[in-house]
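Q: next come a sequence and a model predicted from it.
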Amino acid sequence: MSEKHHQDAGTGAMPPGQAVALADLISYQPGAVVSRTLIKKNAGTVTLFAFDVGQGLSEHTAPFDAIAEILDGEAELTIGGKEVAARAGQAVLMPANVPHALAARTAFKMLLVMVREAG
C-alpha cells in the first residue's frame, strides 16, 4: 500500500455562508492521497481526503476521537484489529488511542472530524 500524500492546492477553507457539496471541494490524484484542511482549531480539525484506489494510511493511533464520513466510493478501515467496510453515506467512529488504518477499496473521499479533549 503506497502512501504518497499531497496537500490540496485549494485555499483550504469552505466558502462561508454557502451550501456546498463537500466531495466537490477535493479531487482525486492518480496514485496519491490528497488532503484539504477545512478547519484547524485547538479543539480539533475537519479535513477532506481523497484516496486513489490502492492507497491508504497505515496503522496508527491518535490521542483523540475521530469520525470518518465516507462521501464517495468505498473504504476499508481496520480499528483495533477489526475490519469495517464503509461506503458513501456511512460514517465510522475511530476511538482515541485505538490503532486504526484505512485502505481504498475503490477511490474514495472522506470527511475526517477529529475532536480533542479540553485541556
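A: Looks like it arrived, so ask away.

Q: the strands in this protein, which residues?
A: Taking DSSP state E, the strands of the chain run over residues 5-7, 33-41, 44-51, 56-60, 65-72, 74-79, 82-87, 91-94, 100-104, 108-115.

Q: weakest of these by average pLDDT?
A: Here the lowest mean pLDDT among these goes to strand 5-7, at a mean of 55.

Q: bridging residues for the nearest residue to Asp72 once chain neighbours are set aside?
A: Spatial nearest neighbour of Asp72, excluding adjacent residues (Cβ to Cβ, 6 or more residues apart in numbering): Lys109 at 4.2 Å. Every residue, glycine included, has its C-beta placed from N, CA and C. Note on Lys109: beta-bridge partners Ala50, Asp72, judged by DSSP bridges.

Q: check contacts around Lys109.
A: Leu22, Ala23, Ile26, Tyr28, Leu48, Phe49, Ala50, Phe51, Ile70, Leu71, Asp72, Gly73 (Cβ atoms under 8 Å, 6 or more residues apart in numbering).

Q: now do Pro30
A: Pro30 neighbours (Cβ under 8 Å, 6+ apart): Asp52.

Q: burial count for Gly56?
A: 20 (other Cβ atoms under 10 Å).

Q: I'd say it and Ala107 touch.
A: No. Using Cβ atoms under 8 Å, Gly56 is not in contact with Ala107, being 11.7 Å away.

Q: appreciated, that's everything.
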